[in-house]
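K.L.:
Here's a sequence, model it:
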Amino acid sequence: MATELQPTTWVNTNHPAPARKPPASEIGVLGWLRANLFSSIGNSLLTLLTLVGLYFIVVGVVRWAIDAFWEPVWVNRKLFAVGPYPPEQMIQPAAVLLMVSLLFGLSAGRWGSIMRNLGIGLGALLALLAIIPIGIQAQLVMGISLALLLGGYLVGRRVALPSAWLALAWVLSLPVTFLLLTSGVNLPSFGITESIAPMVPNNLWGGLMLTMLLAVVGIALSFPLGVALALGRRSKLPVIKYFSIGYIEFIRGVPLITLLFMGMTLLPLFLPSNWGNPSQLMRAMVAITLFSAAYLAENVRGGLQAISKGQYEAADALGLSSFDSLRFIILPQALTKVIPAIVGQFIGLFKDTSLASLVGLLELVAVAKSVIQQPEWLGVSGGVAKEVYVFIAIVFFIFSYGMSFASRQLEHQLGFGKR
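P.N.:
Below you'll find the predicted structure:
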């Protein structure tokens, strides 16, 4: 009996069948929604409830923002910016803004990365202020500042400026800022005077300008002092070690407001008699710097303790001195490990400047209180406190988020937290 032959199926292994595309519900927006928001019945219900809650919150906030009485903020925009600084000498804060914009542009072009991101944020803010009708002169200053920012960036990209020069320029910008704000510059073409502009007392500084000065001075001075205290606490010399421990523990055990009041009353007692009587601004800066340095020292000490003993032994094996090993090996690693803690400390310091209003300084919160108490707004239905405090809350959030964003960018650049 003949066997029936089955047909042979040939498979071409050299040309496999093309892979099918994944289902549309597994990729793209639909795939992300399904994986993250609607992966189960419980997650779907939670997502829907959250969306409903967000809808009512957002709609309520938008309606309130539209109907709110923002006129006090707009009318007092100069007061929020620089406080009671003399209007006829506003060219002096403008000169500071021009200088800082140029430095930001040069630094963004030379160093890139974080400075470039900060420069983008500053440029967006300057462009917005140049468009908003806040006054022809103010808009002109914002436009020139934006031009200097962009020009400095192009110069920094094309010209190999020494990093040491830029760092020195930033260090010198702080005393130059005080000089400009205090005694001004000789600019007769702007109608100031034919000679040096009259002195502006520190008690006429205020608003966002004063808040930024307190924060920048506190951050710039507390950082090296905090690092020195952290190293002193680990020193083998008993005098340095126990002095650092005593200072850190005492300052961390005292509220900042107490230090501010002590600075206002006791600081002149610790200074030589020929130094004169320091201003309230100087006393507040000293108190804020001393307070922040103690907390920063503990953050840095945590980073130093995270360095393995092998790093110290490797530095000794290379023949590096103690200073060189700290400078090139130990401190760079220790500081990168505590970047979030340090930046968090700086953000807290920026917000703590609001306590200066309790000792007579007209920073941003003190200006807000004075605006609320202005006679022309006392008869407004519902008051104007909500609008004013929401405005300064937005200002604080913008700058705090900027520092947080810069911190994350720095961690990303250094590859920190990646595997």
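
K.L.:
Could I get the full set of strands for the protein?
P.N.:
Under the criterion DSSP state E, strands of the chain are mapped to 206, 362-363.

K.L.:
Let me know which of those strands is the nearest to N117.
P.N.:
Each of those was scored for nearness to N117 using Cβ to Cβ, and the closest is strand 362-363 (26.6 Å). Heads up, the C-betas are built off the backbone N, CA and C, glycines and all.

K.L.:
and that closest one, what other elements does it pack with?
P.N.:
helix 207-233 (3 or more Cβ pairs under 8 Å, 6 or more residues apart in numbering; DSSP states H and E).

K.L.:
wait, which of the strands of the chain is closest to A230?
P.N.:
Taking Cβ to Cβ as the criterion, strand 362-363 is the member of the strands of the chain that comes nearest to A230, at 29.1 Å.

K.L.:
Run the chain-centre distance for that closest one.
P.N.:
Relative to its parent chain, strand 362-363 has a centroid offset of 19 Å by Cα atoms, centre = their mean, to the nearest Å.

K.L.:
if you average pLDDT over it, what comes out?
P.N.:
Per-residue pLDDT values over strand 362-363 give a mean of 90.

K.L.:
now stretch 236-256: how far from the chain's centre is it?
P.N.:
Using Cα atoms, centre = their mean, the distance between the centre of stretch 236-256 and that of its chain works out at 28 Å.

K.L.:
And stretch 224-232, by the same measure?
P.N.:
Stretch 224-232 sits 22 Å away from the centroid of its parent chain (Cα atoms, centre = their mean).

K.L.:
With stretch 74-86 instead?
P.N.:
Per Cα atoms, centre = their mean, the displacement of stretch 74-86 from the mean C-alpha position of its chain is 22 Å.

K.L.:
Let's see that stretch as CSV, backbone CA atoms only.
P.N.:
C-alpha atoms of stretch 74-86 as CSV (Å, rounded to 0.1, in the frame of the first residue of the first chain):
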residue,chain,number,x,y,z
TRP,A,74,0.5,97.0,41.4
VAL,A,75,0.5,100.5,43.0
ASN,A,76,3.3,99.5,45.5
ARG,A,77,5.4,97.7,43.0
LYS,A,78,8.4,100.0,43.6
LEU,A,79,8.0,99.5,47.4
PHE,A,80,8.0,95.7,46.9
ALA,A,81,11.1,95.9,44.7
VAL,A,82,13.4,98.3,46.6
GLY,A,83,11.4,99.6,49.6
PRO,A,84,11.7,103.3,50.5
TYR,A,85,14.8,103.7,48.5
PRO,A,86,14.9,107.3,47.1
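
K.L.:
Report the mean confidence score over it.
P.N.:
Averaged over stretch 74-86, pLDDT sits at 91.

K.L.:
And stretch 203-223, by the same measure?
P.N.:
In the prediction, stretch 203-223 has an average pLDDT of 91.

K.L.:
Pull the CA coordinates from that stretch and hand them back as PDB.
P.N.:
Below are the C-alpha coordinates for stretch 203-223, written out as PDB (Å, rounded to 0.1, in the frame of the first residue of the first chain):
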ATOM      1  CA  ASN A 203      17.400 102.000  56.700                       C
ATOM      2  CA  LEU A 204      16.100 103.200  53.300                       C
ATOM      3  CA  TRP A 205      16.900  99.800  51.700                       C
ATOM      4  CA  GLY A 206      14.000  97.400  51.600                       C
ATOM      5  CA  GLY A 207      11.800  95.100  49.600                       C
ATOM      6  CA  LEU A 208      13.100  92.300  47.500                       C
ATOM      7  CA  MET A 209      16.400  94.000  47.100                       C
ATOM      8  CA  LEU A 210      17.000  93.800  50.900                       C
ATOM      9  CA  THR A 211      15.800  90.200  51.100                       C
ATOM     10  CA  MET A 212      18.200  89.200  48.300                       C
ATOM     11  CA  LEU A 213      21.100  91.000  50.000                       C
ATOM     12  CA  LEU A 214      20.500  89.300  53.400                       C
ATOM     13  CA  ALA A 215      20.300  85.900  51.700                       C
ATOM     14  CA  VAL A 216      23.300  86.400  49.400                       C
ATOM     15  CA  VAL A 217      25.500  87.700  52.200                       C
ATOM     16  CA  GLY A 218      24.400  85.000  54.500                       C
ATOM     17  CA  ILE A 219      25.000  82.200  52.000                       C
ATOM     18  CA  ALA A 220      28.300  83.600  50.800                       C
ATOM     19  CA  LEU A 221      29.800  84.100  54.200                       C
ATOM     20  CA  SER A 222      28.300  81.200  56.100                       C
ATOM     21  CA  PHE A 223      29.600  78.600  53.500                       C
END
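
K.L.:
Residues contacting it, please?
P.N.:
Applying Cβ atoms under 8 Å, 6 or more residues apart in numbering, the contact partners of stretch 203-223 are 79-86, 93, 174, 177, 181, 279-281, 284-285, 288-290, 292-293, 296, 346, 349-350, 353-354, 356, 360-364, 366-367, 395.

K.L.:
can you tell which of the strands of the chain is closest to S163?
P.N.:
Using Cβ to Cβ as the criterion, the shortest distance between S163 and those is 33.1 Å, found for strand 362-363.

K.L.:
residues in contact with W377?
P.N.:
P72, V371, G383, V384.

K.L.:
and the residues you listed, which are buried?
P.N.:
P72, V371, V384 (16 or more other Cβ atoms under 10 Å).

K.L.:
okay, now the domains of the protein?
P.N.:
Residue ranges for each domain of the chain read 70-85+201-419, 87-199, as given by automatic domain parsing.

K.L.:
Next, work out how far apart G123 and R283 are.
P.N.:
Going from G123 to R283 by Cβ to Cβ, to the nearest Å gives 35 Å.

K.L.:
ok so, going back, dump the buried ones among the contacts of W377 to a markdown table, plus distance to Q333.
P.N.:
Putting the buried ones among the contacts of W377 into a markdown table (distance: Cβ to Cβ, whole Å) gives the following:
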| residue | distance to Q333 |
| --- | --- |
| P72 | 50 |
| V371 | 48 |
| V384 | 51 |
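
K.L.:
Which of the residues you listed fall in helices?
P.N.:
Within the buried ones among the contacts of W377, membership in helices is found for P72, V371, as judged by DSSP state H.

K.L.:
Give the rounded mean pLDDT of stretch 94-111.
P.N.:
Along stretch 94-111, the predicted confidence averages to a pLDDT of 91.

K.L.:
Pull the residues that contact that stretch.
P.N.:
For stretch 94-111, contacts defined as Cβ under 8 Å, 6+ apart pick out 115-116, 118-120, 122, 126, 141, 144-146, 148-158, 160-161, 163, 166, 169-170, 173, 176-177, 180-181, 185.
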